[in-house]
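> Have a look; sequence and predicted model below, questions after that.
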Amino acid sequence: MVADLTRRPGTDMPLPPLTQIPPQIAAVADYEDYARERMSDAAWAYLSGGAADEHTLRANREAYVRVRIQPRVLRDLAGGGTGLDLLGTPLPFPVLLAPVAYQKLVHPQGELASVLAASAMKTVMVASTQSSIGLEDMARAAEAPLWFQLYFQRERDDTLRLVRRAEAAGYRALVVTVDAPINGVRNREQRLGFGLPPDVEAVNLRGMRPMAGAVARAGESAIFGSGALDGAPSWDDIAWLRSATRLPLVLKGILAPADARLAIDAGAAAIVVSNHGGRGLDTVPATLEALPWVAAEVAGRLPVLMDGGIRRGTDVFKALALGSTAVMVGRGYVHGLAAAGAVGVIHVLHMLRTEFEIAMALAGCRTLQDIGRNALWPHPAIA
Ligand SMILES: Cc1cc2nc3c(=O)[nH]c(=O)nc-3n(C[C@H](O)[C@H](O)[C@H](O)COP(=O)(O)O)c2cc1C
Ligand SMILES: CC(C)CC(=O)C(=O)O
């Protein structure tokens, strides 16, 4: 069922949506409990879970704690700012909304509320291929530029149809997710029997041939033998896509420096250092750990974005100090959406921006260009 915000899931207990943000919500993480009590346990497992034993999910958050900021005093901070240009899109601060599928699971307005929030904050939302609102409807509702996250489909024609629709609707970039040819081992979802309710679907994919599911009998190959990887894209497909569209390609889901180099060779306009929020392969590094290695390989040749565990303005600051141009926030804003719709997402973005500006000021950084390695306390474990 599309999220019903009037009662606690599975009970008759009334639970109205927040129409005013209580003072108890003073930080992004404060939204988590409000979100959780408005969702079924299974939907919560889908949203908040990671792969397998969730080591990478936890590592994404823990990595920020290990990195320390170096405060600087008495610097001239007048006339500072947080604005930047990303692939021709102006952004007032370096935080975008990451693609998150099926947002009607958490709020009846789904992605439309997130689009409105991104517009109000003048930042970019990356709309998922597997959104529960159609990409054209999101574009019509948007008053700020949108980017489209592309999952390659089993048939190239279907992939191309999505690209043409995104172009026609005015999306400004294609964010091609490259780290999820199949889902990771989602034990938390399995234990709670998560399945999509019938009234929440990937609207953009209506009429398209679905990817093969991995179902095998004992003694059979569950993945390689099932056809589940038949539609998985390769570097050749990126080259093909490059020649098929004029939209800039942003490759999302790079962790290995060698893949960053291949992305540059393939004509990517930007990359996103991401481990899919710890939902893909468990025990890969935290994104903040991988970021400096990737940034060193890229050496300024293209913008490097990152996501994973962003909940504080200081997280944004550390990501920029370690080589990121901008960050994307995933679950953090979806918690705001679940609790309070567009207002919650606006509030999350506003808190992140405010905290980020405070971090800049107290670290003596006037502009984004001032945020480099020397804004961090020297740490032997950082590349
Ligand atoms: C519920 C959920 C759905 C997601 N759906 C998509 C998706 O459709 N496409 C995609 O590229 N990434 C998807 N992601 C990954 C996010 O874009 C992002 O990489 C990740 O959530 C960042 O970590 P964070 O949630 O800790 O901020 C999803 C993540 C979550 C939690
Ligand atoms: C529909 C899913 C494949 C969306 C996704 O990327 C995720 O749940 O992490």
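Now that the structure is in, tell me what you want to look at. Ligands and ions are numbered 1, 2, ... in the order given.

> Can you tell me which residue of the stretch 251-383 of the chain sits closest to ligand 2?
Going by C-beta to the nearest ligand atom, ligand 2 is nearest to Arg279 of the stretch 251-383 of the chain, at 4.5 Å. C-beta here means a position set from N, CA and C on the backbone, and glycine is covered the same way.

> how far away is that residue from Gly184?
5 Å (C-beta to C-beta, to the nearest Å).

> State the phi and psi torsions of the residue in the stretch 201-350 of the chain that ligand 1 sits nearest to.
Going by C-beta to the nearest ligand atom, ligand 1 is nearest to Gly330 of the stretch 201-350 of the chain, at 2.4 Å. Backbone torsions for Gly330, taken as degrees, to the nearest 10, come to phi -110, psi -90.

> could you point out the longest helix in the chain?
In the chain, with assignment by DSSP state H, the single longest helix is helix 331-362.

> Check whether the one helix or strand Arg61 maps to comes near ligand 2.
Assigned by DSSP states H and E, Arg61 falls within helix 55-66. No: for a cut-off given as C-beta under 6 Å from any ligand atom, helix 55-66 has no contacts with ligand 2; the smallest distance is 11.6 Å.

> in that helix, what counts as buried?
By neighbour count on 16 or more other C-beta atoms under 10 Å, the buried set for helix 55-66 is His55, Thr56, Leu57, Ala59, Asn60, Arg61, Ala63, Tyr64.

> you'd agree Lys252 is in a strand?
Yes: judged by DSSP: H, G, I helix; E, B strand; the rest coil, Lys252 forms part of a strand.

> which residues touch it?
Contacts here follow C-beta atoms under 8 Å, 6 or more residues apart in numbering; on that basis Lys252 touches Pro99, Gln149, Val175, Val176, Thr177, Val178, Asp179, Ile271, Val272, Ser274.

> wouldn't the first one be in contact with Leu135 here?
No: here Pro99 lies out of contact with Leu135, judged by C-beta atoms under 8 Å, at a distance of 11.4 Å.

> quick one: common contacting residues for these two?
Counting by C-beta under 8 Å, 6+ apart, the residues touching both Pro99 and Leu135 are Ala127.

> ok so, going back, who wins for neighbours among the contacts of Lys252?
The most crowded member of these, judged by other C-beta atoms under 10 Å, is Val272 (33 neighbours).

> so which helix or strand takes in that residue?
Taking DSSP H and E as the definition, Val272 sits inside strand 270-273.

> List the neighbouring strands of that strand plus their orientation.
Paired neighbours of strand 270-273 in the sheet (DSSP bridges): strand 249-254 (parallel), strand 304-307 (parallel).

> Buried deepest among those, which one?
strand 304-307 (a mean of 26; mean count of other C-beta atoms under 10 Å).

> For that strand, C-alpha coordinates in PDB please.
C-alpha atoms of strand 304-307 as PDB (Å, rounded to 0.1, in the frame of the first residue of the first chain):
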ATOM      1  CA  VAL A 304      34.100  13.700  -8.300                       C
ATOM      2  CA  LEU A 305      30.900  13.400  -6.400                       C
ATOM      3  CA  MET A 306      30.300  11.100  -3.400                       C
ATOM      4  CA  ASP A 307      27.500   9.700  -1.300                       C
END
